[in-house]
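1. structure here, sequence nowhere to be found:
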């Protein structure tokens, strides 16, 4: 009897130690990263990625299920090699039911890649694609086999399905999100699509991973084959999904997640700042002599002193992403603006008024010539103050779409006049649907000074509606991401009492 109790006691002690160790491992960052956990839940929406029914929400249950199933079920380790490797390194006694060397498909995959080095690549913006207006980032895997260097690309994409335009894609991608997936393919296909067909530049950086880190990365990529992963434009896009993936290799890559929204250029700049990558090469599309990745942050705020109709206000502007028309842009022949979640507010000692809320807006000024004709476009979905009364926050839904022509005069975009025809709808009492001309110019005075004039002339005007709106903006950059700005606006109504004149002086900074 004493021997029985002794054995029972010994068993309970070892079981307790195992449970305690399992719990410690289940909260280990490396394990959580393997499951793509974020805020207590996995970003993987595919049930086949988990061995426990609660694995999406409970990393401890998932760890126990992996220990039990991988050690008993034949060929299961062939589906989850990174987890198998993780458990073998943490538990000396753990042995998978199937040795990874006996996994035929997995070994063929490793042989095809023969991975030696891992790079991260930035692809420049593409304005006729809702997925690429803020650029794109993806992984390049360079192998080494005999005298041959097989090269593959790994990208994270939204599964668009029927969401193939801005009107359907943006609302879905921002609100509820959609399925996404990691796609591995020959690098030559991605290169040809981006550089030769789309005219986009590619800038590559070496992640400088050691052999063990490259192995762990490649093993985990196999686990994501045909797996649905949550895509959300704000929280888990092509940029942040790569960060999630790279954290499996090295938790240092999580340092870039210090913003609520990160873009492809954000992660490149954050990696550079934290010495996680080294520049490798730039592949230029036809027509480019050089290109530099956007060095300033994609978010921006501004603070202004505003004088309007004999009153003074404090004006605050904030844009979550990505590029403002006043940003310096010397690497492209075109000019562009992409705004996601932008707010414009005025403050007086007695009241804070919301002047405008832009959900999404884009402007693309692509110079046309006789030999190479190009259309320029604008698009905006917002809520704005229809009366342009900065003392009132009476915001109404507004949608506009424009198409026109831009020309470039002189070197370095000395002068870029443009003319558009704009269709807009303002959901107010009169439900205004208007087609109106919109024109202006963009001009670089030198490498630190930029001027933009924009005039909108509306044919339909009534008691409290404006008939013309003119904005003249000037920016002086004293550093790469900081500028002093002057904005002069004139809004003409049907009478002097409905007209507004204002001038704002302040600064802005991107981060």
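-> Cool, the structure landed. Predicted, not measured: the structure shown is a model, and the values here were computed from it.

2. need phi/psi at the residue lying closest to residue 397 once chain neighbours are set aside.
-> Nearest residue to residue 397 in three dimensions, chain neighbours excluded: residue 427, at 4.2 Å (Cβ to Cβ, 6 or more residues apart in numbering). Using the backbone N, CA and C atoms, a C-beta is placed for each residue, glycine as well. Main-chain torsions, residue 427, degrees, to the nearest 10: phi -80, psi 80.

3. I figured residue 427 hits residue 398, correct?
-> Yes: with contact defined as Cβ atoms under 8 Å, residue 427 counts as touching residue 398 (7.3 Å).

4. the more surrounded of these two?
-> Set residue 427 next to residue 398 and count neighbours by other Cβ atoms under 10 Å: residue 398 wins out with 22 against 14.

5. from the contact counts, what lies against the helix or strand harbouring residue 475?
-> According to DSSP states H and E, residue 475 maps onto strand 468-479. Under the contact criterion of 3 or more Cβ pairs under 8 Å, 6 or more residues apart in numbering; DSSP states H and E, strand 468-479 touches strand 449-457, strand 482-492.

6. reformat those as a markdown table; add mean neighbour count.
-> Shown next, in a markdown table, are these (neighbours: other Cβ atoms under 10 Å):
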| stretch | mean neighbour count |
| --- | --- |
| strand 449-457 | 18 |
| strand 482-492 | 18 |
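
7. will you turn those strands into TSV that also has distance to residue 92?
-> Formatted as TSV, the helices and strands packed on strand 468-479 follow (distance: least, Cβ to Cβ, whole Å):
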stretch	distance to residue 92
strand 449-457	63
strand 482-492	55
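
8. which one of those strands lies closest to residue 302?
-> The closest of the helices and strands packed on strand 468-479 to residue 302 is strand 482-492. By Cβ to Cβ, the value is 6.8 Å.

9. residue 357 versus the nearest residue to residue 432 once chain neighbours are set aside, what's the distance?
-> Spatial nearest neighbour of residue 432, excluding adjacent residues (Cβ to Cβ, 6+ apart): residue 426 at 4.3 Å. Separation of residue 426 from residue 357 (Cβ to Cβ, to the nearest Å): 14 Å.

10. more neighbours: the two, which one.
-> residue 426 (20 against 17).

11. okay, and the beta partners of the more buried one?
-> When bridges are called by DSSP bridges, residue 426 pairs up with residue 398, residue 432.

12. how close does it sit to residue 436?
-> For residue 426, the distance to residue 436 equals 12 Å [Cβ to Cβ].

13. cool, and residue 219?
-> In this view, residue 219 and residue 436 are 58 Å apart by Cβ to Cβ.

14. who's more crowded, those two?
-> Between residue 219 and residue 436, residue 219 has the larger neighbour count (other Cβ under 10 Å), namely 23 against 18.

15. mind checking pLDDT for that one?
-> What the model reports for residue 219 is a pLDDT of 98.

16. helix or strand for it, which one?
-> Judged by DSSP H and E, residue 219 forms part of helix 211-223.

17. can you tell me which helices and strands that helix packs against?
-> Helices and strands touching helix 211-223, by 3+ Cβ pairs under 8 Å, 6+ apart, are helix 81-90, helix 104-113, strand 115-123, helix 238-246.

18. which residue packs closest to the one residue sitting closest to the centre of the chain, ignoring adjacent ones?
-> Centroid-nearest residue in the chain: residue 263, 3.2 Å away (criterion: Cα atoms, centre = their mean). Nearest residue to residue 263, sequence neighbours excluded (Cβ to Cβ, 6+ apart): residue 298, at 4.4 Å.

19. OK, contacts around the one you found?
-> The contact partners of residue 298, by Cβ atoms under 8 Å, 6 or more residues apart in numbering, come to 134, 261-263, 265-266, 321-323, 510.

20. among the residues you listed, which ones are in strands?
-> 321-323, 510 (DSSP state E).

21. can you list the low-confidence ranges for the stretch 301-450 of the chain?
-> 386-393, 412, 430-431 (pLDDT under 70).

22. report the buried residues of the helix holding residue 219.
-> For helix 211-223, the buried set under the neighbour-count rule, 16 or more other Cβ atoms under 10 Å, comprises 213-223.

23. stretch 351-358 now?
-> Neighbour-count burial for stretch 351-358 [16+ other Cβ under 10 Å]: 353-358.

24. mind putting these into a markdown table with distance to residue 243 and secondary structure?
-> Output for the buried residues of stretch 351-358, formatted as a markdown table (distance: Cβ to Cβ, whole Å; DSSP: H, G, I helix; E, B strand; the rest coil):
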| residue | distance to residue 243 | secondary structure |
| --- | --- | --- |
| 353 | 37 | strand |
| 354 | 32 | strand |
| 355 | 34 | strand |
| 356 | 32 | strand |
| 357 | 28 | strand |
| 358 | 26 | strand |
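
25. please identify which pair of those residues lies farthest apart.
-> 353 and 358 (15.9 Å).

26. isn't residue 378 up against residue 402?
-> Yes: the pair residue 378 / residue 402 is scored as a contact, 3.9 Å apart, by Cβ under 8 Å.

27. what sits in contact with each of these two?
-> 420, 422, 438.

28. most neighbours out of these, which is it?
-> For the shared contacts of residue 378 and residue 402, neighbours tallied by other Cβ under 10 Å; top is residue 420, 24 neighbours.

29. which residues does it bridge with?
-> Beta-bridge pairing of residue 420 under DSSP bridges involves residue 404, residue 438.

30. got a list of what it touches?
-> 376, 378, 402-405, 437-439.

31. how far away from the center of its chain is the helix holding residue 219?
-> 24 Å (Cα atoms, centre = their mean, to the nearest Å).

32. which strands and helices lie in contact with the helix or strand where residue 31 lies?
-> If you go by DSSP H and E, residue 31 is part of helix 29-34. The contact analysis (3+ Cβ pairs under 8 Å, 6+ apart) places helix 29-34 against helix 59-72, helix 81-90.

33. quick one: those as CSV, columns for mean neighbour count, mean pLDDT and distance to residue 98 too.
-> Below are the helices and strands packed on helix 29-34 laid out as CSV (neighbours: other Cβ atoms under 10 Å; pLDDT from 0 to 100; distance: least, Cβ to Cβ, whole Å):
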stretch, mean neighbour count, mean pLDDT, distance to residue 98
helix 59-72, 19, 94, 9
helix 81-90, 20, 95, 9
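
34. any chance of CSV for those helices, columns distance to residue 51?
-> Shown next, in CSV, are the helices and strands packed on helix 29-34 (distance: least, Cβ to Cβ, whole Å):
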stretch, distance to residue 51
helix 59-72, 4
helix 81-90, 9
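
35. and the protein, what are its domain boundaries?
-> 2-102, 108-283, 300-510 (automatic domain parsing).

36. quick one: end-to-end length of the last one, please.
-> In terms of Cα to Cα, to the nearest Å, the two terminal residues of domain 300-510 are separated by 4 Å.

37. likewise for the second one?
-> With Cα to Cα as the measure, the first residue of domain 108-283 is 30 Å from its last.

38. on that earlier part again, of the domains of the chain, which is nearest residue 294?
-> Here domain 108-283 is closest among the domains of the chain (Cβ to Cβ), at 4.2 Å.

39. starting at the chain centroid, how far to the closest one?
-> 11 Å.

40. and stretch 306-325, by the same measure?
-> 24 Å.

41. buried residues, that stretch. List them.
-> Those would be 306, 308, 313-317, 319-325, for stretch 306-325 by 16+ other Cβ under 10 Å.

42. got the contact list for the residue nearest to residue 75 when sequence neighbours are not counted?
-> Nearest non-adjacent residue to residue 75, counting by Cβ to Cβ, 6+ apart: residue 98, 5.1 Å away. Applying Cβ under 8 Å, 6+ apart to residue 98 gives the contacts 74-78.
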